[in-house]
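Novice: Sequence first, then the predicted structure, then my questions.
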Amino acid sequence: MRHVCPNWKHILFALLLAMICLIAGSPVYAGGLRWIAGSSYFNASVKGQPVVWAGGQITYYFDPTNLSSTESRYPAEDLVNAALNSWSAVPTAAVKFVYGGALAEVVSGANVTAGPTGMTMPADIQPTATNRPLGIIFDADGSVINAFFGAGAGSAALCQQNGVMTQVDNISPSGNILHALIFVNGLCTTTTAHVTVLKYQLLRGVGRILGLDWSQANEEMFAINQVSSNGLAGWPILHPIERLCNATGQSCIPNGTTLRLDDIAALNRTYPVTAANIGSFSGKKLTAANTISVKGRIQFKGGQGIQGVNAVLRPMIAGTDLPDVRYTVTAVSGAYFQGNAGNLITGTTDASGNALNRYGSDDQRLEGFFDLSGVPLPAGATSAHYQLTFEAVNSLDIGGASVGAYTTGQVMPSGTMPTLYLPRLAAGSSVYQTVDISDSADESLSGDDGTESAPAQLSASGEWTARISGYGHTGWLEWRARANREFTVEATALDEHGSPTVDKAQPVLGMWNGTDPGNVPPVTGSPQPFNGVEVGLTELPVITTADSEVRLGVADMRGDGRPDYLYRSRVIYADTVEPSRLSASGGPIVINGVGFRQNSVVTVNNVPRR
């Protein structure tokens with residue numbers, strides 16, 4: 001018999017929040033690498049490795065149709081080939097695009113439809129069409145994009161964002177991309193200005209289907225409103241949020257068909273040219289011998305890796321102490337580590353039943369690892385002094401725009417981020433840096449929150465402060481509750497200084513009966529964090545049906561755990577009320593319980609009482 005029951009009025013609200021988050025974007029991985037093979041689905045031999053096209057060779061097929069009525073002015077195949085060639089021309093990257101011919105039919109709204117039971121489409125653009133690995137679809141009127149991505153997605157009004165759409169729809173357990181599609185919207189080729197934007201978007205789209213992710217190199221120039229030509233020269237093609245496109249249809253970025261050093265370095269480390277594969281790439285050069293490599297690990301003072309920090313590498317301008325932002329290269333710490341493995345309370349699978357840990361390794365040595373390998377030297381240089389800094393990832397970069405392994409919310413770094421200098425790095429140089437953040441967490445702020453086998457006992461005050469520390473940690477508390485009681489559990493996420501925040505832990509709460517094992521789902525739980533009205537607050541209302549021991553679990557939504565994941569929690573519970581009856585003339589009432597504070601207000605028959 002279940003003794004703890006959910007208060008469905010509050011739970012339905014949280015479910016709506018969960019639905020909104022699912023609609024907003026699907027999980028991806030980042031830090032130069034879009035996907036890392038994880039602990040489930042993939043073969044054990046590839047866990048922790050980037051998901052790539054096998055051998056770096058991609059055979060592509062064109063839709064046998066005109067892109068638009070302006071085809072003679074803007075040949076569709078030429079536009080696509082230019083983007084493919086920009087990536088395959090990188091001399092230190094083992095990437096090659098091979099033309100395979102035409103698709104078997106014209107792909108249009110006549111043979112691609114979306115219905116209540118799923119998509120209908122030609123056989124050779126389906127995910128299983130691995131004999132046509134990359135299909136390029138020329139969508140003359142936007143109807144195919146509408147079918148794949150939703151009504152209105154192919155509108156001419158959205159050309160600044162949706163002129164080119166991509167979809168990677170088949171990834172093998174061996175860690176290889178087997179099939180992908182690029183959609184080119186013919187409605188976005190009506191003017192020269194629109195085509196300029198389309199060329200830029202094609203370059204971005206090809207980078208995405210190669211398995212590269214977004215980067216925030218030189219992002220700070222927008223944050224401080226000091227956009228410069230040098231900053232834009234180093235601003236990556238694969239940045240997550242378009243900041244320069246506008247309704248006039250002008251170029252979204254200066255030199256929008258030129259890869260930046262950050263894009264090239266990401267491609268190099270994803271598809272390196274090695275002694276083993278150089279024979280398949282005529283005219284290319286060994287990556288390691290012709291670039292520099294700066295790798296390392298950033299960690300808390302206790303030794304746990306710090307995930308989600310953007311590592312920024314820049315050469316110094318000769319004769320100065322200033323970094324050259326034209327050649328900025330970045331990578332996110334923990335990009336190879338899992339960013340969301342789920343938890344005991346909300347589960348370990350997504351809405352489709354897929355294991356959350358299918359992407360990202362569970363090897364905790366990778367939790368704070370950063371990889372800035374494959375970095376070309378500045379143009380004309382044979383060596384350079386470098387500056388290495390660390391910064392937070394923009395909190396807006398989540399979901400489909402995520403940078404780094406955290407996709408449901410970025411985590412602000414704790415402690416003082418250092419500036420390091422690396423002298424005289426030449427082609428072939430390799431450096432490893434261990435970066436200790438000594439002031440990363442104040443351990444004096446936390447208390448004991450128990451374990452599943454030995455849960456902490458609820459204090460008389462009903463309040464405690466603890467931390468979700470250690471990856472995958474869940475805190476446990478236990479107390480006895482009477483039947484027919486409704487009480488509320490709260491958890492407020494705190495930063496390393498003890499202030500409420502949404503940029504650290506994402507607390508979720510679950511209630512079990514005292515006799516339930518922890519490996520079964522809770523009787524009731526908060527489906528999403530931060531469902532309270534105050535900053536950083538997660539609430540869980542509970543109703544009991546019998547006298548029993550109850551247990552509370554507190555976890556991070558992502559299954560994460562680190563020394564700076566502080567939280568303050570409270571149970572507001574009325575155990576007894578005396579007297580049980582009052583005369584019509586009223587009188588004092590004494591409530592015995594926990595979690596009440598001075599000046600708390602109790603409502604009796606909807607009338608507030610102090």
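Specialist: Done, it's in. Numbering: from 1, shown residues only.

Novice: Helix, strand, or coil at residue 384?
Specialist: Look at residue 384: counting by DSSP: H, G, I helix; E, B strand; the rest coil, its state is strand.

Novice: ok, the nearest residue to it once chain neighbours are set aside to residue 228 distance?
Specialist: The spatial neighbour of residue 384 that comes closest, neighbours along the chain excluded (Cβ to Cβ, 6 or more residues apart in numbering), is residue 315 at 4.0 Å. All C-beta atoms are positioned from the backbone trio N, CA, C, and that covers glycine. Plainly put, residue 315 is 17 Å away from residue 228 if you go by Cβ to Cβ, to the nearest Å.

Novice: Neighbour count: those two, which is higher?
Specialist: When residue 315 and residue 228 are compared for neighbours, residue 315 comes out ahead with 25 against 13, by other Cβ atoms under 10 Å.

Novice: Residue 82 versus residue 105, what's the distance?
Specialist: Computed as Cβ to Cβ, the residue 105 to residue 82 distance reads 25 Å.

Novice: correct me, but residue 350 touches residue 356?
Specialist: Yes. At 6.0 Å, residue 350 and residue 356 qualify as touching, with contact defined as Cβ atoms under 8 Å.

Novice: Have a look at the two and say which one is more surrounded.
Specialist: Set side by side, residue 350 and residue 356 show more neighbours around residue 356, with 23 against 15, by other Cβ under 10 Å.

Novice: burial count for the residue nearest to the more buried one when sequence neighbours are not counted?
Specialist: Once flanking residues are discounted, residue 356 sits nearest to residue 342: 4.3 Å by Cβ to Cβ, 6+ apart. By other Cβ under 10 Å, the residues close to residue 342 number 19.

Novice: With residue 124 instead?
Specialist: Counted with other Cβ under 10 Å, the neighbours of residue 124 add up to 16.

Novice: who touches it in this structure?
Specialist: By Cβ atoms under 8 Å, 6 or more residues apart in numbering, residue 124 lies in contact with 61, 103-105, 131-132, 135.

Novice: that's a helix at it, yeah?
Specialist: Yes. The assignment for residue 124 (three-state DSSP) places it in a helix.

Novice: Let's see the pLDDT reported for it.
Specialist: What the model reports for residue 124 is a pLDDT of 94.

Novice: and if you look at residue 514?
Specialist: The predicted local distance difference test score for residue 514 is 87.

Novice: ok, now residue 449?
Specialist: Looking at residue 449, its pLDDT reads 87.

Novice: go on, the one 10 residues further on?
Specialist: As predicted, residue 459 sits at a pLDDT of 88.

Novice: And for it, the neighbour number?
Specialist: When neighbours are counted by other Cβ under 10 Å, residue 459 registers 14.

Novice: Would you mind measuring from the closest residue to it other than its chain neighbours to residue 576?
Specialist: When the adjacent residues along the chain are set aside, residue 459 lies closest to residue 594, with 7.7 Å between them (Cβ to Cβ, 6+ apart). According to Cβ to Cβ, residue 594 and residue 576 sit 12 Å apart.

Novice: got it, and residue 429?
Specialist: Taking Cβ to Cβ as the measure, residue 429 falls 72 Å from residue 576.

Novice: Which of the two has more residues huddled nearby?
Specialist: Neighbour comparison, residue 429 and residue 576: the larger count goes to residue 429, with 18 against 11 (by other Cβ under 10 Å).

Novice: For the more buried one, report the pLDDT, please.
Specialist: 98.

Novice: Any idea how far apart the tips of stretch 184-191 sit?
Specialist: 15 Å (Cα to Cα, to the nearest Å).

Novice: same question, stretch 437-457
Specialist: For stretch 437-457, the first-to-last residue distance is 33 Å (Cα to Cα).

Novice: and what of stretch 102-117?
Specialist: So stretch 102-117: terminal residues 29 Å apart, Cα to Cα.

Novice: quick one: contacts of it?
Specialist: Contact with stretch 102-117 is made by 61-65, 119-125, 132, 135, 137-141, 143-144, 146-148, as judged by Cβ under 8 Å, 6+ apart.

Novice: Would you mark the buried spots in that stretch?
Specialist: For stretch 102-117, the buried set under the neighbour-count rule, 16 or more other Cβ atoms under 10 Å, comprises 103, 106-109, 112.

Novice: Helices - which of these land there?
Specialist: Using DSSP state H, no member of these falls in helices.

Novice: what bits of the stretch 101-250 of the chain have low per-residue confidence?
Specialist: 247-250 (pLDDT under 70).

Novice: Now do the strands in it.
Specialist: If DSSP state E, counting those that start in this stretch is used as the criterion, the strands of the stretch 101-250 of the chain fall at 113-115, 118-120, 134-139, 164-171, 177-185.

Novice: Show me the contact partners of the third one.
Specialist: The contact list for strand 134-139 (Cβ under 8 Å, 6+ apart) reads 58-63, 65-67, 76, 80, 103, 107-108, 124-125, 129, 144-145, 154, 179-186, 209.

Novice: From the residues you listed, list the buried ones, please.
Specialist: Burial by neighbour count, 16+ other Cβ under 10 Å: within the contacts of strand 134-139 this picks out 58, 60-63, 65, 67, 76, 80, 103, 107-108, 124-125, 129, 144-145, 154, 179-186, 209.

Novice: Let's check: the centremost residue of this structure is which one?
Specialist: residue 407 (2.1 Å; Cα atoms, centre = their mean).

Novice: May I have the secondary structure class of the residue nearest to residue 384?
Specialist: In the three-state summary, residue 315 is assigned as strand, counting by three-state DSSP.

Novice: distance of it from residue 286?
Specialist: In this structure, residue 315 and residue 286 are separated by 21 Å, where distance is defined by Cβ to Cβ.

Novice: Also residue 447?
Specialist: Plainly put, residue 447 is 54 Å away from residue 286 if you go by Cβ to Cβ.

Novice: Comparing these two, which residue is more hemmed in?
Specialist: Under the criterion of other Cβ under 10 Å, the comparison of residue 447 against residue 286 puts residue 286 first, with 15 against 10.

Novice: Can you report phi and psi for that one?
Specialist: The phi/psi pair for residue 286 (degrees, to the nearest 10) reads phi -60, psi 130.

Novice: Strands of the stretch 301-450 of the chain, residue ranges please.
Specialist: With DSSP E, counting those that start in this stretch as the criterion, the stretch 301-450 of the chain has strands spanning 309-315, 329-332, 369-375, 383-392, 419-426, 430-437.

Novice: Just checking: what are the partner strands of the last one?
Specialist: On the basis of DSSP bridges, the sheet neighbours of strand 430-437 come out as strand 292-300 (parallel).

Novice: Report the separation between residue 213 and residue 122.
Specialist: If you measure residue 213 against residue 122 using Cβ to Cβ, the figure is 30 Å.

Novice: Of those two, give the one with the bigger neighbour count.
Specialist: Neighbour comparison, residue 213 and residue 122: the larger count goes to residue 213, with 25 against 16 (by other Cβ under 10 Å).

Novice: Pull up the gap between the spatially closest residue to residue 101 that is not a sequence neighbour and residue 124, please.
Specialist: If you skip the residues right next to it in sequence, residue 101 has residue 61 as its closest partner in space, 5.9 Å away by Cβ to Cβ, 6+ apart. Here residue 61 is placed at a distance of 8 Å from residue 124 (Cβ to Cβ).

Novice: Give me the common contacts of the two.
Specialist: Among the neighbours of residue 61, those also in contact with residue 124 (Cβ under 8 Å, 6+ apart) are 103, 132, 135.

Novice: Adding distance to residue 195, write these out as a markdown table.
Specialist: Putting the shared contacts of residue 61 and residue 124 into a markdown table (distance: Cβ to Cβ, whole Å) gives the following:
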| residue | distance to residue 195 |
| --- | --- |
| 103 | 23 |
| 132 | 26 |
| 135 | 22 |
